[in-house]
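**Student:** Make a model of this:
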Amino acid sequence: MQECGPSGGDNPCQDRADAGNERQRVTILEKTNRQGVDHMKRLVLGLIAATAMTLPAFAADIKPAVIYDMGGKFDKSFNEAAYHGAEKFKKETGIAYRDFEISNDTQREQALEKFAQDGNSPIIAMSFSFEAAMKKVAPEYPKTQFVIVDDVVDLPNVRSVVFKENEGSYLVGVMAALASKTGTVGFIGGMDVPLIRKFGCGYVGGVKATKADAKVIQNMTGDTPSAWNDPTKGGEIAKSQMDQGADVIYAAAGGTGVGVLQAAADAGKLGIGVDSNQNGLQPGHVLTSMVKHVDVAVYNAFMDAKNGKFTFGPEHLGLAEDGVGYAMDDNNKSLVTPEMQKAVEQAKADIISGKVKVHDYTSDNACPY
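**Tutor:** Reported below is the predicted structural model:
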């Protein structure tokens, strides 16, 4: 066995020591590298997890629902517009939704509670009549997204969508005044509530601004929710107004309005539809329809929830926001002259610019026209 000599030169012992030190350094470096790789892996996985958490956690699990008001989802008016918005969302995204048609007032709270318990979100309530139920149920489910249409509920998890129906009604009032041959037009509301008075007041404003001496006959169908779905009574009221000289009748009455449009057409007079484009219900006899884009409100609520962009608080949708308007298509184009449409478009521009202020009945429960 060779003995270790003095340091320097050809010293085998020193060579072995150097080799051992080198192997130790390599081992330490390899361990350090592995630790670095492991740390990087953990960092990347952590970032992925964090990113996943910042993305809408409910995007893949969204369970939207809509509750229709009295009259049912195929009322060819307000509820059906909401249905079309929900269907558009389902068609574009492949995401199913649940819905329910209430048949009495007690079901409002029950339906909201059931959908919330089942984990549905957002849940859209299609009427101001859901206000009390919404105020009770929404606080019990603070993580659920709720929407109420046609009323404002000031809660942190509720989006309130309200429309400026007075503005859209003003426009169809302008058209009605120009289309009338007798100088007398009519308005038939559904349930006698301030919201429907808001439609009627805007309509009168448009009529009077166009022909100051025009006469507007106004009737409400009833004071209970059944007033939204009584086409027979709607037809009877329309006949009474026509007996008094009305030759253009605007119906803001949900399913009841279908009877109004039928009666007007049968008598060779003109009707005006509401909420949905109802021009095709009686082609050639519906002057226009005051379109209220609840379909867009429903679609946007579902899509915002899916995309993680859902917001809360009130949304006010009028002419400037394309929330309301009037309908033109092949079914009524022969009824509307270029002069009539020009007048309506001018009124629309004046309202949007602020030159014309259409009174909101709900602001003071009065109509100045």
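
**Student:** my read: residue 136 touches residue 109, true?
**Tutor:** Yes. The pair residue 136 / residue 109 is scored as a contact, 6.3 Å apart, by C-beta atoms under 8 Å. C-beta: built from backbone N, CA, C; applies to glycine.

**Student:** Report the contact partners of the residue nearest to residue 360 when sequence neighbours are not counted.
**Tutor:** Counting by C-beta to C-beta, 6 or more residues apart in numbering, residue 166 is the residue found nearest to residue 360 once chain neighbours are left out, at 5.3 Å. The contact partners of residue 166, taken as C-beta atoms under 8 Å, 6 or more residues apart in numbering, are 198, 199, 201, 202, 205, 358, 359, 360, 361.

**Student:** distance of the last one from residue 199?
**Tutor:** Going from residue 361 to residue 199 by C-beta to C-beta, to the nearest Å gives 8 Å.

**Student:** Which one's more surrounded, those two?
**Tutor:** Set residue 361 next to residue 199 and count neighbours by other C-beta atoms under 10 Å: residue 199 wins out with 26 against 22.

**Student:** Check whether that one sits in a helix, strand or coil.
**Tutor:** helix (DSSP: H, G, I helix; E, B strand; the rest coil).

**Student:** Can you read off the pLDDT for it?
**Tutor:** With respect to pLDDT, residue 199 scores 98.

**Student:** Which residue comes closest to it once chain neighbours are left out?
**Tutor:** Nearest residue to residue 199 in three dimensions, chain neighbours excluded: residue 252, at 4.0 Å (C-beta to C-beta, 6+ apart).

**Student:** could you measure the one you found against residue 281, distance?
**Tutor:** Distance from residue 252 to residue 281, by C-beta to C-beta: 15 Å.

**Student:** ok, now residue 349?
**Tutor:** Here the criterion is C-beta to C-beta. By it, residue 349 lies 29 Å from residue 281.

**Student:** looking at the chain, which helix or strand does the model trust least?
**Tutor:** Sorting the helices and strands of the chain by mean pLDDT, DSSP states H and E puts helix 12-54 at the bottom, at a mean of 44.

**Student:** who does the following helix or strand past that helix pair up with?
**Tutor:** Using DSSP states H and E, the next helix or strand after helix 12-54 towards the C-terminus is strand 65-68. Strand 65-68 sits in its sheet next to strand 98-101 (parallel), strand 123-125 (parallel), going by DSSP bridges.

**Student:** Extract the C-alpha trace of the longest one and format it as PDB.
**Tutor:** Okay, so that is strand 98-101. Extracted in PDB, the C-alpha atoms of strand 98-101 (Å, rounded to 0.1, in the frame of the first residue of the first chain):
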ATOM      1  CA  ARG A  98     -84.700  25.100 -15.700                       C
ATOM      2  CA  ASP A  99     -87.900  27.000 -15.800                       C
ATOM      3  CA  PHE A 100     -91.300  27.200 -14.000                       C
ATOM      4  CA  GLU A 101     -94.600  28.700 -14.800                       C
END
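
**Student:** Give me the packing partners of whichever helix or strand comes after that strand, helices and strands only.
**Tutor:** On the C-terminal side of strand 98-101, the closest following helix or strand by DSSP H and E is helix 107-117. Other helices and strands packing on helix 107-117, by 3 or more C-beta pairs under 8 Å, 6 or more residues apart in numbering; DSSP states H and E, are strand 65-68, strand 98-101, strand 123-125, helix 131-137.

**Student:** What number of residues are in the vicinity of the residue lying closest to residue 332 once chain neighbours are set aside?
**Tutor:** Once flanking residues are discounted, residue 332 sits nearest to residue 279: 4.7 Å by C-beta to C-beta, 6+ apart. By other C-beta under 10 Å, the residues close to residue 279 number 26.

**Student:** What distance do you get for residue 279 to residue 140?
**Tutor:** Distance, residue 279 to residue 140, using C-beta to C-beta: 43 Å.

**Student:** Tell me which residues of stretch 122-134 come out buried.
**Tutor:** 122, 123, 124, 125, 126, 127, 128, 129, 130, 131, 133, 134 (16 or more other C-beta atoms under 10 Å).

**Student:** Identify the residue spatially nearest to residue 204, adjacent ones excluded.
**Tutor:** residue 369 (4.5 Å).
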